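> Could you work out the structure for the sequence below:
(chains A and B)
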Protein chains: 2
Amino acid sequence: MGMHHLDRETTAVVHIGEDDLPALARGCAVLGTGGGGSVETGLLLAGRAVRECGPVDVVQLDDLDDDAVVLPLSGIGAPTVSHEMVASSDDVLRLRDEVERVMGRPVAAVMSSEIGGSNGVSPVAWAARLGVPLVDADGMGRAFPEVQMVAMYVAGLPVNAVVLSDVVGNVSTLRPIDGLWSERLARALCVASGAHALMADYILTATEARGAVIVGSVTRALGIGRCTVGAPDPLSALVAELGARKLVNGKIVDIERRTGGGFVRGSVVLEGVGDDRGRLLRVEIQNENLLALEDGEVLASVPDLITVVDTQTGGAISTESLRYGQRVSVLAWPCDPLWRTPRGLEVAGPAAFGYEIEYVPVEEVARVHA
Amino acid sequence: MGMHHLDRETTAVVHIGEDDLPALARGCAVLGTGGGGSVETGLLLAGRAVRECGPVDVVQLDDLDDDAVVLPLSGIGAPTVSHEMVASSDDVLRLRDEVERVMGRPVAAVMSSEIGGSNGVSPVAWAARLGVPLVDADGMGRAFPEVQMVAMYVAGLPVNAVVLSDVVGNVSTLRPIDGLWSERLARALCVASGAHALMADYILTATEARGAVIVGSVTRALGIGRCTVGAPDPLSALVAELGARKLVNGKIVDIERRTGGGFVRGSVVLEGVGDDRGRLLRVEIQNENLLALEDGEVLASVPDLITVVDTQTGGAISTESLRYGQRVSVLAWPCDPLWRTPRGLEVAGPAAFGYEIEYVPVEEVARVHA
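Predicted coordinates:
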């Protein structure tokens, strides 16, 4: 995945039209590792925007001028689609206007702050509305539950300005002293605005973005979403596309979930079926799937990606949609190398989620088990 | 009071040093009509700032260039002085920096958003820290409990940007769609920041300020604060300085107060003493003194000013400091003509506080009773 920025020749001219959105959404759901919000919200917003404004060009960072302003966007707060949200398309225009005031320069491109889940699909809508391309990159390469868990933070970029725009028409610019205050103030405004807002965080130039974002994310999501279409064995196609290890084929025999403080926490237990009969695998959850354990041993852990998919279709199942008796497979694959640096692991490794275990890259664990 | 902008020749060169602060505070307390927060907070901040940075020049709007940026400032949230608040002097510097970024021009002067109470005194501290003069004007000519009750709103100026700065170091710029959202979002940030923040609202140029602010407020407050010093009869001196009607000399026989939603609401009943023996006067309160009633008849009402003072010293008594048995006098005097326009009465007349009475200027009521 970290290599995808070398694939420019093959991905240089990509457009996302209405027909591409279902594949993008499927890919973003897989990269959501169980979280990131339902992709249905993003699909609705993006479908309508693309129909009204036309397809969106996907560009590489190198296609942009060095000082071009890249606008990383995400929706924060309750991700439920409301009539107002879908009806409103002005929030992103107002946000853009404010960012251009703050930066003193035009916005050249939109970037997804989080490619996993709904926030990976909605940026197509925002780019379409603004008439600018979408950068083939994002801030996570997946979904993460906390706002400071972004590549730009790992890379040490300053928070600078956080700009929020709500459906009412209010626009706010925060200059928080750190990521913690960024989260706290943005959340307070979001709640005051009615629990949902559009946010630009770590606004940066193309030069600043190089090395500080995860590249290739959009084409990666599209590739993942397309690989299962018409495939005789969608699951195998998905495993191959992801370069993933299939940890287990099983059925869900136990789910424990509790919601609080904006997080879904819990675990799910799978009993192996077929060749995996007799195995028991547990997945630990905090919005996203964090750990996969078997007999007390860690098979995979954050920041590597763990996704639960439908064994038949290869479609990702979000942590909120897990149900007793579902036939599922658990896939795990390597995260972007940025997350494996000491700083990356500090921000989003097992310890950042309260697990006192040493991180072992999923492919090394796999080798032991093979 | 509305005439004070004609007095320029006599008030053109005014400086506020440490020795002037007690008089300013006394005057601001009188103009606070019972509210506006304890002037002690402002006195502490201003005393320290003037000792460290020197006295502050008071200037008239006409002394400023037409496009000079005037910064209306107030503290919002719990007005209690904390160690951090007094220790911090950087919040206003950060706020100024942000305003200059937003406006693209330097801040030329500070203005009090609200001359009544603590927010009338603290601007001396802020002007001293910034090394700019204090404009002899304010946004209310008194204190009012709600943020939209400012002259700039009555005059129809757009809200534009609201900039907040907290002691932690966070700086935020809000562009709310109206005064209601301004209040809502600023309050949310204020609470998230620990219940106190410094706020710049209705940032405007000297040209925009003309006709849209209450002029003469600072020299007015100084004059009020000085008139009782060494006077053989402080109360009479105060009545003369204010051009007020003394509604009653009495003692407090009943107080009803309840606190909720950030407001103190209630009423106080005074029994006449001396020549006023046998009279009963009730003052209705919502942070500020709103109405003075006798036998069901309105003697004075917002937006005219009603202040309860100590009968002996002429010192203003805030609504929170009213106590059973206190010997007090109730004074009422005309508000600035801006508040008597149809739009002014809509914003801050009796109906704006839920009283279904017709506003009658205090001097007309007085004439009937004379």
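> interface residues of the stretch 101-250 of chain A facing chain B?
Of all the residues in the stretch 101-250 of chain A, those in contact range of chain B (Cβ under 8 Å from any Cβ of the partner chain) are A:101-102, A:168-177, A:181, A:184-185, A:187-189, A:191-193. The way it works is simple: take the backbone N, C-alpha and C, and place the C-beta from them, glycine included.
> hmm, which of the residues you listed are the buried ones?
Of the members of these, the ones counted as buried by neighbours, 16 or more other Cβ atoms under 10 Å in any protein chain shown, are A:101-102, A:168-176, A:181, A:184-185, A:187-189, A:192-193.
> quick one: which of these sit in strands?
Where these overlap with strands, as defined by DSSP state E, the overlap consists of A:171, A:172, A:173, A:174, A:175.
> Make JSON lines from those residues and add pLDDT to it.
Formatted as JSON lines, the entries for these read as follows, by pLDDT from 0 to 100:
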{"residue": "A:171", "pLDDT": "95"}
{"residue": "A:172", "pLDDT": "96"}
{"residue": "A:173", "pLDDT": "95"}
{"residue": "A:174", "pLDDT": "95"}
{"residue": "A:175", "pLDDT": "94"}
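> Quick one: low-confidence residue ranges for the stretch 101-250 of chain A.
By pLDDT under 70, the low-scoring segments of the stretch 101-250 of chain A are A:195.
> List the buried residues in the helix or strand hosting residue A:249.
Assignment of secondary structure by DSSP states H and E places residue A:249 within strand A:245-260. Of the residues in strand A:245-260, those scored as buried under the neighbour-count criterion (16+ other Cβ under 10 Å) are A:245, A:246, A:247, A:248, A:249, A:250, A:252, A:255.
> From residue A:267, how far out is the last one?
Which is residue A:255. Remark: distance between residue A:255 and residue A:267 (Cβ to Cβ, to the nearest Å) = 8 Å.
> ditto for residue A:257
Separation of residue A:257 from residue A:267 (Cβ to Cβ): 8 Å.
> tell me, what's touching the two both at once?
Taking Cβ atoms under 8 Å, 6 or more residues apart in numbering or on different chains as the contact rule, the neighbours common to residue A:257 and residue A:267 are residue A:285.
> which one of the buried residues of strand A:245-260 is nearest chain B?
Nearest to chain B out of these is residue A:255 (Cβ to the nearest Cβ; 34.3 Å).
> Need the nearest residue in space to the closest one, chain neighbours excluded.
The spatial neighbour of residue A:255 that comes closest, neighbours along the chain excluded (Cβ to Cβ, 6 or more residues apart in numbering or on different chains), is residue A:268 at 5.0 Å.
> and the one you found, what are its phi and psi?
Reported as degrees, to the nearest 10, the phi and psi values for residue A:268 are phi -130, psi 140.
> That one and residue A:285 touch, don't they?
Yes - at 6.8 Å, residue A:268 counts as touching residue A:285 under the criterion of Cβ atoms under 8 Å.
> what do the two both touch?
Here residue A:268 and residue A:285 share the contacting residues residue A:319, scored by Cβ under 8 Å, 6+ apart.
> Tabulate the CA atom coordinates of the strand holding residue A:249 in CSV.
Coordinates of each C-alpha in strand A:245-260 appear next as CSV, following Å, rounded to 0.1, in the frame of the first residue of the first chain:
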residue,chain,number,x,y,z
ARG,A,245,-4.0,-12.9,5.4
LYS,A,246,-7.3,-14.6,6.0
LEU,A,247,-7.3,-15.2,9.7
VAL,A,248,-10.4,-17.3,9.9
ASN,A,249,-13.6,-18.4,8.2
GLY,A,250,-16.2,-18.6,10.8
LYS,A,251,-19.6,-17.6,12.2
ILE,A,252,-20.3,-15.1,14.9
VAL,A,253,-21.1,-16.8,18.2
ASP,A,254,-20.9,-13.9,20.6
ILE,A,255,-21.0,-10.1,20.4
GLU,A,256,-20.5,-7.7,23.3
ARG,A,257,-20.9,-4.0,22.5
ARG,A,258,-21.4,-0.9,24.6
THR,A,259,-21.7,2.6,23.4
GLY,A,260,-20.5,5.6,25.3
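> Which neighbours in the sheet does that strand have, and how are they oriented?
Strand A:245-260 pairs in its sheet with strand A:263-272 (antiparallel), strand A:327-333 (antiparallel), by DSSP bridges.
> Do you have the strands of the stretch 201-350 of chain A handy? List them.
Assignment of strands within the stretch 201-350 of chain A using DSSP state E, counting those that start in this stretch yields the ranges A:204-205, A:214-215, A:245-260, A:263-272, A:280-286, A:288-294, A:297-301, A:305-310, A:327-333.
> ignore the last one, the stretch 51-200 of chain A
When secondary structure is read from DSSP E, counting those that start in this stretch, the stretch 51-200 of chain A shows strands at A:56-59, A:69-77, A:107-112, A:134-138, A:162-165, A:171-175, A:196-200.
> How about the contacts made by the most centrally placed residue in chain A?
Centroid-nearest residue in chain A, with Cα atoms, centre = their mean: residue A:116, separated by 2.0 Å. Residues counted as contacts of residue A:116 (Cβ under 8 Å, 6+ apart) are A:28, A:31, A:32, A:33, A:35, A:36, A:140, A:142, A:143, A:144, A:288.
> and the second one, how many neighbours does it have?
A count of neighbours around residue A:31, defined by other Cβ atoms under 10 Å in any protein chain shown, yields 28.
> Wait, it touches residue A:305, no?
Yes - shown here, residue A:31 and residue A:305 form a contact pair, counting by Cβ under 8 Å, at 7.0 Å.
> quick one: common contacting residues for these two?
residue A:142.
> Now residue A:43: closest residue in space, sequence neighbours ignored.
residue A:25 is the one closest to residue A:43 (Cβ to Cβ, 6+ apart), at 5.0 Å.
> helix/strand/coil for the one you found?
When the structure is split into helix, strand and coil by DSSP: H, G, I helix; E, B strand; the rest coil, residue A:25 lands in helix.
> can you pull the contacts of it?
For residue A:25, the contact set (Cβ under 8 Å, 6+ apart) comprises A:39, A:40, A:42, A:43, A:121, A:225.
> So which of those residues sit within helices?
With helices defined by DSSP state H, the entries of these inside them are A:39, A:40, A:42, A:43, A:121, A:225.
> All set, thanks.
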